[in-house]
Structures are given as structure tokens and as C-alpha cells.
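Enquirer: Next comes the sequence, and after it the predicted model I'd like to discuss.
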Amino acid sequence: MTNSELDSFWKFLQQKFQQEFAAVSYQTWIESAHPLKLEDQKIYITVPSSLHKEYWERNISTKVVEAAYEYGNQEIVPVILLTSDLQKQRLQKSPHPTAAATPSPLAEAHLNSKYTFNSFVTGSGNQMAHAAALVVSEEPGETYNPLFIYGGVGLGKTHLMQAIGHRLLERNINANVKYISSESFANDFINSIQNRTQEEFRNEYRTVDLLLVDDIQFFADKEGTQEEFFHTFNTLYNNKKQIVLTCDRLPNEIPKLQERLVSRFKWGLSVDITAPDLETRTAILRKKAIAEKLEIPNDALSYIASQIDSNVRELEGALVRVQAYSTMKNADISVSLAAEALKDLKESQHQAGLSISQIQMHVAKYYKVTVEDLKGKRRNKGIVVPRQIAMYLARELTDSSLPKIGQEFGGKDHTTVLHSCEKITKLLESDLTIQHDLTNLRAGLKS
Ligand SMILES: Nc1ncnc2c1ncn2[C@@H]1O[C@H](COP(=O)(O)OP(=O)(O)OP(=O)(O)O)[C@@H](O)[C@H]1O
């Protein structure tokens, strides 16, 4: 089977499964899956959550193998991939493109059709970033250039950045918009050297109207890529073309980022996104439920929102989990069903993910100080070192960004957190007491 047959094979599968599965199961498991490509007798299929992946591998994969025999008497093995992993790897940029139809401006720009301003919910944690993104989409290249959006994992940086791209394309379908992760930029650059296609590479990146570069913390340590990006940046900036960057931290916190890039990244506006409050989380879930046409009572939405408090991607995963669970149980979604569905998730989160306040309590107890001392400003040594250690552990054991940690330590600046982490790293090289304390603290937090 060739890639050009992928579409018709997929249609064949859909028809077959539509007959086999109950409507609600079909909607949950099959409609959410998408064929990516055929390669080496493997069909790559993307699914939206790990629950879908498990379900596909357990219950559907063998049916696909059987169907391939039925369709064309061929041995085809399915490989199930998570959409999120795929986005990370930017597989769509692989040398074996999908059988997808004619490239649309969205596909050419590599924008996800779901990441628009309309689907973005604003709240206290992202209001500034949202307002700045709107301004940039109204006046690209003029007011805030570059726009630098930073913050913790899964808080909507990519979504917001791509929303700018969508808005620009809505206004001008011919606008040259390009979204890329910093890793893909680096790979493209390296490939262009290997293939002697640097001229094309430069043309591709230096002639856009809007360049969106995601997760630029991965520029750290990549000297050659930084050099190339420096020139890309200068050309675009001088031509008044808009640049938008996202990162998990501020430019000066990216290790080994050239000073001239750090200073350029600060020319425009830097805005952070922090974790959404309960109200915003509930609103995000409600919007998602409406988009997916899910019937979920408000109290169940609030319950789910109350269980996942730091990462919107995980929040969305929890909703999918509840939805899938209700399909499996053939029961309507309620608070108790949601609680049942999220039980395992909570247990694994409890083991894997610590909160900053758990760390603060543990450190305070260990050093016989109070959590208020850790959050406060007193500078005597008996408090300063435990405070720095608590910040260091928060950085090590949670996904929180420096600004978020600073906020949890009585609203301190992110540079204070950074300084604390560096101080403890330095002390650890020679101070046996600190080494011993950290070993004990980590062990205590894991138990
Ligand atoms: N305010 C919001 N409103 C609606 N959806 C949101 C919001 N914030 C995040 N999301 C959704 O959460 C998911 C994760 O968001 P996104 O990928 O943009 O996060 P990120 O900050 O770029 O994460 P990473 O640090 O991993 O790159 C996406 O599906 C996105 O649509």
C-alpha cells in the first residue's frame, strides 16, 4: 500500500468500525484518531491522550491488521502515537510527509487549527500575555517586537503564539506566517548545512511576515544555531517583521545564550503566563466541553478543575479521561463518576508531582523554621539557607517556572529564585552539611 492509498484505507477502516462500534465508542475512540503516514508496512496513527493510546493498542490495533488483509491482502502494523508527542517532534516536518491533501495556509504555517484567540480563555494568569498578543496581531512589527511569552509547562504559550498567526492569516490570507519549535529550527539549519541548502534555508526564514519560535530554551548550548538565528532576527527586525518567542524562562536565564541575543529578546515586551486560578480552569473546561459537544454538569466540571491545578494540558487530559470513562461505563458524567475516573491519575500524580507548598512545609519542618519564614524577607542565616534550599528543591522537583516559584515564596522576583538555586548549586560542590541535608530532604519528600 502506498501513501496515496492511505486516505482510502482510512475511509475503509472508518466504515468498518462504524458498523462494529456503538456510536458513542466510535466517536470517542475512532473519530479522535488520525492517520499520519504509511511507511515500511506500518500505519502511523495519532490519538489525543495516553488513555486513547492504551485503548487503541489493547482493543483496536489487531482489528486494523485484520482490516488491512481484508482491504488489500497486506500486512500492515499500526503504530499509535500521541498527538502531543508528535507536535513535539514536529514529525510533520519529516522527509516522509503525510498523504494530507493540498497544503492550506494553516498547514504551510504549521499552525494548529484549534489554537485561536476564540478558543483561548483569559484569566488573571494570562491576561497581560493575551492583551499583548492581541496588540501584536493588530500591529505586527510595530509595537512589541519581539514579543517574548514565558512561563511554566502547558500553560498556553504555544496556543497564544499561534493565535497571533491565525489572526494575521484571517486578515491577509497571503501573509507569510511561520511557526517552528526552536529544535526544528536547529534541525533545519543543520540539515541545510549538510545538504548545502543554506541559501534556501535563509530565504525560507528571512522572508516571513511573522516568525513564531516556540520553546527557545532549547537554543541553549547551540552555538551555530544561535549565530544563524541572530542573523534571521536582525533581518526580520530591520524589515519590521514581527517575531514572537516563547520560553519556559526569561532570556537571561537561558544557559549559554549569547548576550547579543539576550539583549535583542528584551527589545520588545516580555510577558509571563502563570497557572490559571480555579475559575479560569473551570471556564477552560467548559469551553472545551462545548467544543467537543460533551454533556457535563457544572459541578462535575468544577470538580475536575479543582483536581488539576497547575497545567492546562493535564487538565484537558483529565477531561478526556472522564469522558472515556463514562463511555466505558455507559454512564452519564457526574461528580462521583469524575472522582472515580481520576482516582488513579491523582494517585500517580501524588507520587510523581510535588507541590511547592509541600516542599515548603517539609523544608520548614526539617530546619525547624516556619513556612512564613521561608516566604518572608528576614535575612538571618538560619532562615536564608533553608529558604534557598526550598527554592532549589522547588526548581528541581516541580515543573514550575522561576517566576511561579518566586510568587509562591511571598512574591519574590524570579532573579532571587535563580540566585538561590545558583548559590545552593555552588555550596553543594564543597559543603558536606548541605549535601547531607539535601539527601535527607529528597528522601523525605519521596516517601
Ligand atoms: N487559557 C487557555 N484557554 C484555552 N486552552 C488553553 C489555555 N491555556 C492552555 N490551553 C490549552 O492547554 C494545552 C497546552 O497549551 P500549550 O501547548 O499552548 O502550552 P505551552 O505553555 O506552550 O506548553 P509547553 O511549555 O509544554 O510548550 C493546549 O491544548 C491549549 O489549547
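Expert: Thanks, I have the structure now.

Enquirer: Whichever residue of the stretch 101-250 of the chain sits closest to the ligand: how many residues sit nearby?
Expert: The minimum distance from the stretch 101-250 of the chain to the ligand, using Cβ to the nearest ligand atom, falls at residue 156 (2.6 Å). (Each C-beta comes from the backbone N, C-alpha and C, glycine too.) Per other Cβ atoms under 10 Å, the neighbour tally for residue 156 reads 24.

Enquirer: which residues in the stretch 201-350 of the chain form helices?
Expert: Taking DSSP state H, counting those that start in this stretch as the criterion, the stretch 201-350 of the chain contains helices spanning 223-238, 259-265, 278-291, 298-307, 312-329, 335-352.

Enquirer: what does the stretch 201-350 of the chain have sitting close to the ligand?
Expert: Those residues of the stretch 201-350 of the chain that sit near the ligand, judged by Cβ under 6 Å from any ligand atom, are 215, 248, 284, 312, 313, 316.

Enquirer: out of these, who has the most neighbours?
Expert: Busiest of those [other Cβ under 10 Å] is residue 312, holding 24 neighbours.

Enquirer: quick one: secondary structure of the nearest residue in space to that one that is not next to it in sequence?
Expert: Once flanking residues are discounted, residue 312 sits nearest to residue 154: 5.4 Å by Cβ to Cβ, 6 or more residues apart in numbering. Taken by DSSP: H, G, I helix; E, B strand; the rest coil, the conformation at residue 154 corresponds to coil.

Enquirer: who touches residue 154 in this structure?
Expert: Taking Cβ atoms under 8 Å, 6 or more residues apart in numbering as the criterion, residue 154 is in contact with 311, 312, 313, 314.

Enquirer: Can you pull the phi/psi pair for the residue of the stretch 101-250 of the chain closest to the ligand?
Expert: With angles defined as degrees, to the nearest 10, residue 156 sits at phi 100, psi 20.

Enquirer: So it is in contact with residue 274, correct?
Expert: No. Between residue 156 and residue 274 there is no contact, the gap being 10.5 Å when judged by Cβ atoms under 8 Å.

Enquirer: where do the contact lists of these two overlap?
Expert: Common neighbours of residue 156 and residue 274 (Cβ under 8 Å, 6+ apart) are residue 126.

Enquirer: hang on, the earlier thing: mean pLDDT and distance to residue 80 for the helices of the stretch 201-350 of the chain - can I get that in JSON lines?
Expert: Output for those, formatted as JSON lines (pLDDT from 0 to 100; distance: least, Cβ to Cβ, whole Å):
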{"stretch": "helix 223-238", "mean pLDDT": "95", "distance to residue 80": "32"}
{"stretch": "helix 259-265", "mean pLDDT": "94", "distance to residue 80": "38"}
{"stretch": "helix 278-291", "mean pLDDT": "92", "distance to residue 80": "23"}
{"stretch": "helix 298-307", "mean pLDDT": "92", "distance to residue 80": "25"}
{"stretch": "helix 312-329", "mean pLDDT": "88", "distance to residue 80": "15"}
{"stretch": "helix 335-352", "mean pLDDT": "72", "distance to residue 80": "20"}
